[in-house]
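**Q** just a sequence and a predicted model for now, questions to come.
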Amino acid sequence: MRPSAGRVHLRGSEITGMGAAALVKKGVARTHQIVRPFRNLTVLENVQLAVHYGRHPVARVAQAQAQAMNALKLVGLDAKAGQLASALSLGEQKRLEVARALATGPDLLLLDEICGGLTAFETSSMLDLLHSIREGGTTIMYVEHDMKAIMTVCDRITVLNFGQKLAEGKPDEIQNDPSVIEAYLGKTTVGGVPRA
Amino acid sequence: MRLPSSPGEWLKVVLPWLLLAALLLLPLGGLSPNIMKLLFITAVWTTTSVAWNLLGGMAGQVSFGFAVFYGLGAYTTGLLMHAGWSPYLSFLAGGVVGAAASFLIGLPTFRLRGPYFVIATIGVTEAVRVVMNNLDITGGSSGYRILETRPFNPLEHYYTAIGAVTVAVAVSTIITRSRFGLALRAIKQDQDAAADIGVNPYSTKLKVHAVAAALTAIAGGIYARRAAFFYPGDVFAFQTGISILLMPVIGGIGTVWGAVLGGVIFGFVEEELVANFPNVHLLLYGSLLILIILFEPDGLVGLLRRLARLVRSGRDREHPGSKNSEQVLWGSSRAEGR
C-alpha cells in the first residue's frame, strides 16, 4: 500500500509501496491484527510454506519441514504440527502467525496488536516469546495499545495520537512525558481529577 | 521414499496403476465402435476436468474461459496437420499456443478477484468465439476439416486420449505434492496472507493457468483430430467452458481424483443428455451446478469421505480407543488436494 505522504526506507533503499511478497524477500515479515492462518492447511504446512517462499527459499520439502518444525518449537506449537490450523485457539493462532513470519527469515518483524484478545497468561507468554525473538537478533516493530506489553518489550517507543506523533523515546521517558499522560489519562484539574 | 504402512495407503498407491492397466487392456476385449468413442470422449473431457481443477479447484480461480484453450488446441492441431505436421507434434504445439494464450488472458484478468475475474473470463470466451467465427483462415463459422491420408484407427485415438489423461493426472499429482501446490492451496484460502509470507499470487496464478491451458489445448487437439470437423460454435462455445467447469464440481473440487470422477461421470452421461434433452441440457447443467454448490460443495468425493467417516466412527463406537478415532477427528480437509 502506498502512503499518502512520505517515503519508507529499509537499510538505505526505498521500499515505498512495495508489494508484500517483495518485502518478504527484503527481510520484512508481518503478522495480522485479526489472525489469518490458512485454516485448511496443517500447522506445519502453514509454516513450511513460509520456509519455501521466504527470504531464502528452500525447495526441498524435507528440509523446509525441518526448518518449519524449528520455528514451531520456538513458539511452542511443535506438538500441534499435524493439526489443522482451524483447530487452534486464538492464542495458538497468534503464535502460528509469529512462527510463519519468523520462518520467512526476516530482519524486521512487524507485529500488529499481537496481544490483542489474549488472556493475561497468553499475553505474558507471548511477551516472553517476543523477548526471545529479540534476543535472537530480529528487530521487532510492534503496534500495540496495551501499555504494559509495550513497556515490557520495547527499547524505543513512538506514541501516535490521531495520526500525529506525540512523543518518541525510551520507555521511562515515554512514561513521564506529559503529552502522553494527557492523551492517555486526560488533563489533571485543580481537584486532581483527570478530565477526559 | 516412505513405503505405505497400511492397507488403505497401499490401495491409494496401487489403485491408479490398476486403473491405468485396465484402461490399456480394455480395448483388447473387442469393444464396439460406439463404446470406443464414448471412452475416447470421456478421456478427453476428463483431461480438461483435471486441467481446470488445477486453476479452479486448487488455486480457487473460477474460470469460465477454458473453451478458449480447448478451441485454440483444436484449431492449432487442424492447421498444423494441414501443413503436414505430425498429429502428435501438432497436439504439443496446440499446448504451447494454449499456454501462450493463457498469459495474454491472465495478465489483465488476474488483476481482478472473485466475480470480476469470473465475468472477465466469460467476456474473453465470447470475444474469441466471435473473432473465430469471422476468421477466414480457419473457415469462420463454417468450421474446419482435418483431412488425414492414413486410415481411421479408433485404437490410436483411444490410446492418445488415455495418454493425455494420464499425463494430466500425473502433472496434477506432482503439483499437489509440491511446494507450488501448497502455494496454490494457500492462495485459494487467502491470497493476501500468502503474499505476506513471500508467495507471489499473481505470478503463481499465471503459471498454473499456463499448465492448465496447455493440458486443455492438448485435449482440444486430440478431440479435433478424431472429430475431423469442428467449428467455433462447438469448441469455443460458452457451453464447452461450462462443461469443463462442471466436471470437477460434480466430482469434488480441489482434488485430483474428484476431477477424474467428475470427468468420467460427465463423459458417460453428456452425450445421452444432449441427445435426449437437446433444448434443456444447459438448464440441467446449471441446476446441477447450483444443487451441488448448495448441498454438497465438496462434490462426490466429499460425499464419499463423509460416508467413510460415518462408517469409521461407527466402527470406533464398537471398538473404542482404536487408532482410527484420531483420523476421524482430523477430518477430510486434512487430505484436501491429495
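**A** Here it is on my side, so go on. Numbers count the residues shown, from 1 in each chain, chains lettered A, B, ... in the order given.
**Q** when you work out contacts or count neighbours from here on, use the C-alpha atoms and nothing else.
**A** Noted.
**Q** for chain B, what's its nearest residue on chain A.
**A** Proximity of chain A to chain B (Cα to the nearest Cα) peaks at A:Ala21, 4.1 Å away.
**Q** near chain A, which residues of the stretch 101-250 of chain B are found?
**A** Counting by Cα under 8 Å from any Cα of the partner chain, the stretch 101-250 of chain B comes close to chain A at B:178-179, B:182-183, B:186, B:189-190, B:193, B:195-200.
**Q** so where's the stretch 201-338 of chain B shaky on pLDDT?
**A** Residue ranges of the stretch 201-338 of chain B with pLDDT under 70: B:316-338.
**Q** out of the residues of the stretch 101-250 of chain B next to chain A, which comes closest to B:Asn276?
**A** Each of these was checked against B:Asn276 using Cα to Cα; the closest is B:Gln189, at 39.9 Å.
**Q** ramachandran coordinates for the residue nearest the centre of chain A?
**A** Geometric centre of chain A, nearest residue: A:Leu111, 1.7 Å, by Cα atoms, centre = their mean. Backbone torsions of A:Leu111, given as degrees, to the nearest 10, read phi -120, psi 130.
**Q** I'd assumed A:His32 was in contact with it.
**A** Yes: A:Leu111 is within contact range of A:His32, at 7.1 Å (criterion: Cα atoms under 8 Å).
**Q** how about the helices in chain B?
**A** For chain B, the helices defined by DSSP state H cover B:7-25, B:33-52, B:66-82, B:87-109, B:114-133, B:154-177, B:179-195, B:201-227, B:232-235, B:238-251, B:256-276, B:281-295, B:299-318, B:324-330.
**Q** deepest-packed of those, please.
**A** Neighbour counts (mean count of other Cα atoms under 10 Å in any protein chain shown) averaged over each of the helices of chain B peak at helix B:66-82, with a mean of 28.
**Q** centre of the chain to it, how far?
**A** Average the C-alpha atoms of helix B:66-82, do the same for its chain, and the two points are 17 Å apart (Cα atoms, centre = their mean, to the nearest Å).
**Q** packing partners for that helix?
**A** Judged by 3 or more Cα pairs under 8 Å, 6 or more residues apart in numbering or on different chains; DSSP states H and E, helix B:66-82 is in contact with helix B:87-109, helix B:114-133, strand B:144-145, helix B:201-227, helix B:232-235, helix B:238-251.
**Q** in a markdown table, list those along with distance to B:Tyr159.
**A** Shown next, in a markdown table, are the helices and strands packed on helix B:66-82 (distance: least, Cα to Cα, whole Å):
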| stretch | distance to B:Tyr159 |
| --- | --- |
| helix B:87-109 | 12 |
| helix B:114-133 | 30 |
| strand B:144-145 | 22 |
| helix B:201-227 | 11 |
| helix B:232-235 | 22 |
| helix B:238-251 | 21 |
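**Q** what parts of chain A come near chain B?
**A** Counting by Cα under 8 Å from any Cα, chain A comes close to chain B at A:20-25, A:29-30, A:36-42, A:45, A:49-50, A:52-55, A:59, A:61, A:83-84, A:100-101, A:104.
**Q** inside helices: which ones of these?
**A** Using DSSP H, these in helices are A:20-25, A:45, A:49-50, A:52-53, A:61, A:100-101.
**Q** quick check: of those residues, which lies closest to B:Val13?
**A** Out of those, the member with the shortest distance to B:Val13 (by Cα to Cα) is A:Val61, at 20.1 Å.
**Q** dump the residue contacts of the nearest residue to the closest one once chain neighbours are set aside.
**A** Counting by Cα to Cα, 6 or more residues apart in numbering or on different chains, B:Arg179 is the residue found nearest to A:Val61 once chain neighbours are left out, at 7.2 Å. By Cα atoms under 8 Å, 6 or more residues apart in numbering or on different chains, the residues touching B:Arg179 are A:Leu49, A:His52, A:Ala59, A:Val61.
**Q** top of these by neighbour count?
**A** A:Leu49 (30 neighbours; other Cα atoms under 10 Å in any protein chain shown).
**Q** wait, it sits on B:Leu182?
**A** Yes: at 6.7 Å, A:Leu49 and B:Leu182 qualify as touching, with contact defined as Cα under 8 Å.
**Q** spit out the residues that contact those two alike.
**A** Shared contacts of A:Leu49 and B:Leu182, defined by Cα under 8 Å, 6+ apart, are absent.
**Q** still on that earlier bit, please name the bridge partners of the residue nearest to the centre of chain A.
**A** A:Tyr142 (DSSP bridges).
**Q** now it: how far from A:Phe121?
**A** 19 Å (Cα to Cα, to the nearest Å).
**Q** repeat that for B:Leu147.
**A** B:Leu147 is 77 Å from A:Phe121, by Cα to Cα.
**Q** for A:Val159, helix, strand, or coil?
**A** At A:Val159 the chain is in strand, as set by DSSP: H, G, I helix; E, B strand; the rest coil.
**Q** what's around it, how many residues?
**A** Neighbours of A:Val159 (other Cα under 10 Å): 17.
**Q** please name the bridge partners of it.
**A** According to DSSP bridges, beta-bridge pairing links A:Val159 with A:Ala167.
**Q** looking at it, it is touching A:Ala167, isn't it?
**A** Yes: using Cα under 8 Å, A:Val159 is in contact with A:Ala167, at 5.2 Å.
**Q** okay, and the common contacts of these two?
**A** By Cα under 8 Å, 6+ apart, A:Val159 and A:Ala167 have these common neighbours: A:Val180.
**Q** nearest the geometric middle of chain B, what residue?
**A** Chain B, centroid-nearest residue using Cα atoms, centre = their mean: B:Ser49 at 1.6 Å.
**Q** find me the pLDDT at it, would you?
**A** On the pLDDT scale, B:Ser49 is placed at 96.
**Q** for it, give me its contacts.
**A** Contact analysis of B:Ser49 by Cα under 8 Å, 6+ apart lists B:Ile244, B:Leu245, B:Met247, B:Pro248, B:Ala259, B:Val260, B:Gly262, B:Gly263.
**Q** give me the nearest residue to B:Leu204, chain neighbours excluded.
**A** Quick fix: residue B:204 reads Thr, not Leu. B:Leu184 (7.4 Å).
**Q** nearest spatial neighbour of the closest residue to chain A within chain B, skipping sequence neighbours?
**A** Ranked by Cα to the nearest Cα, the top residue of chain B for proximity to chain A is B:Gly198, at 4.1 Å. Among residues not flanking B:Gly198 along the chain, A:Ala21 sits closest, at 4.1 Å (Cα to Cα, 6+ apart).
**Q** next, count neighbours for the one you found.
**A** With other Cα under 10 Å as criterion, A:Ala21 counts 23.
**Q** now do B:Glu148
**A** Residues contacting B:Glu148 under the criterion other Cα under 10 Å number 13.
**Q** look up how far B:Gly78 lies from it.
**A** B:Glu148 is 10 Å from B:Gly78, by Cα to Cα.
**Q** now A:Ala183
**A** With distances taken as Cα to Cα, A:Ala183 is found 75 Å from B:Gly78.
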